[in-house]
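Peer 1: Sequence and predicted structure, then a few things I'm wondering about:
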Amino acid sequence: GAVVSQHPSWVICKSGTSVKIECRSLDFQATTMFWYRQFPKQSLMLMATSNEGSKATYEQGVEKDKFLINHASLTLSTLTVTSAHPEDSSFYICSARVNLYEQYFGPGTRLTVT
Amino acid sequence: GENVEQHPSTLSVQEGDSAVIKCTYSDSASNYFPWYKQELGKGPQLIIDIRSNVGEKKDQRIAVTLNKTAKHFSLHITETQPEDSAVYFCAASPPFTGTASKLTFGTGTRLQVTL
């Protein structure tokens, strides 16, 4: 299957700072990538759809000024959590769409805000 | 919008037995149904998927069945092994309409295979 990587795998930052998470499709080009958030023992919650060369589409209730998404190339999308607070601590996972339907997920990034 | 329900939330089976996880969806327009396996601390892994033009798909010990009329689909794992222990998520997606297509996930099933 298609391979998606994320970096970093985990990060600890102080409250008020910003942190950037990278999502890369390693062996295919992805015009569309997705960013999810997952709390412990819960399902995946879609945050936004990232489209190469255009603005991201955010789900209802997700602050676009807080979660900045950039999809500058066909293999890279980034999520920047700005002015992070402890409640932003979570497991962030990206996925990339291979064809019209299939999505492959990255390994996730665990963010802890102290 | 689409709503996907998944049952059971936890499932414990003995090694070698079969496991069945069921999902129902609400949007009759949905036509793509993947299943993901998520191990602790990792991202979900696509294990099998089915499209609405077929009723069943099999890949070694894993099979998925789809009943479009009843709007439900199921994952079947036969001859379970300890390494099958994980959380399994079903999902549904409407037909591709450019960038708008997205997956709606079920709530997950924690499968434990005991020796």
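Peer 2: Received, thanks. For clarity, every value in this text was computed on a predicted model and none was experimentally measured. Numbers count the residues shown, from 1 in each chain, chains lettered A, B, ... in the order given.
Peer 1: got any ranges where chain B has weak pLDDT?
Peer 2: Low-confidence segments of chain B, defined by pLDDT under 70, are located at B:98-100.
Peer 1: Residues of it that sit close to chain A?
Peer 2: Applying Cβ under 8 Å from any Cβ of the partner chain, one finds that chain B approaches chain A through B:32, B:34, B:36, B:41-46, B:49, B:51, B:89, B:93, B:96, B:99, B:101-103, B:105-108. C-beta coordinates here come from the backbone N, C-alpha and C atoms, glycine included.
Peer 1: Let's see which of those end up in strands.
Peer 2: The strands in this structure, assigned by DSSP state E, contain B:Y32, B:P34, B:Y36, B:Q45, B:L46, B:D49, B:R51, B:F89, B:F105 from these.
Peer 1: can you pull the contacts of the first one?
Peer 2: With contacts defined as Cβ atoms under 8 Å, 6 or more residues apart in numbering or on different chains, B:Y32 is in contact with A:Y101, B:D49, B:I50, B:R51, B:S52, B:A92, B:S93, B:P95.
Peer 1: Kindly give a single PyMOL line that selects the buried subset of those.
Peer 2: Remark: buried members of these, expressed as a PyMOL selection using 16 or more other Cβ atoms under 10 Å in any protein chain shown:
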select buried, (chain A and resi 101) or (chain B and resi 49+50+52+92+93)
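Peer 1: quick one: which of the contacts of B:Y32 is nearest B:Q112?
Peer 2: B:D49 (24.0 Å; Cβ to Cβ).
Peer 1: picking that back up, and which of the ones in strands among the residues of chain B next to chain A is nearest B:A19?
Peer 2: Distances from these to B:A19 were compared by Cβ to Cβ; the smallest belongs to B:F89, at 14.4 Å.
Peer 1: tally of neighbours for that closest one?
Peer 2: Neighbouring residues of B:F89 were enumerated by other Cβ atoms under 10 Å in any protein chain shown; the total is 24.
Peer 1: Leaving out the residues flanking it, which one is nearest to it?
Peer 2: B:Y36 (4.6 Å; Cβ to Cβ, 6 or more residues apart in numbering or on different chains).
Peer 1: Distance check, the one you found against B:P94.
Peer 2: Noted for B:Y36: a distance of 18 Å to B:P94, by Cβ to Cβ, to the nearest Å.
Peer 1: With neighbour numbers in mind, choose between these two.
Peer 2: More crowded of B:Y36 and B:P94, by other Cβ under 10 Å: B:Y36, with 26 against 18.
Peer 1: so the more buried one sits right up against B:I48, yeah?
Peer 2: No: applying Cβ atoms under 8 Å as the test, B:Y36 and B:I48 come out as separate, 9.4 Å apart.
Peer 1: residues near B:F73, how many?
Peer 2: Other residues within reach of B:F73 by the criterion other Cβ under 10 Å amount to 25.
Peer 1: Could you do the one 5 residues further on as well?
Peer 2: Burial measure for B:T78: 14 neighbouring residues, criterion other Cβ under 10 Å.
Peer 1: Residue numbers of chain A in contact with chain B?
Peer 2: Taking Cβ under 8 Å from any Cβ as the contact definition, chain A meets chain B at A:1, A:4, A:6, A:32, A:34, A:42-44, A:46, A:49, A:51, A:57, A:93, A:95, A:100-108, A:110.
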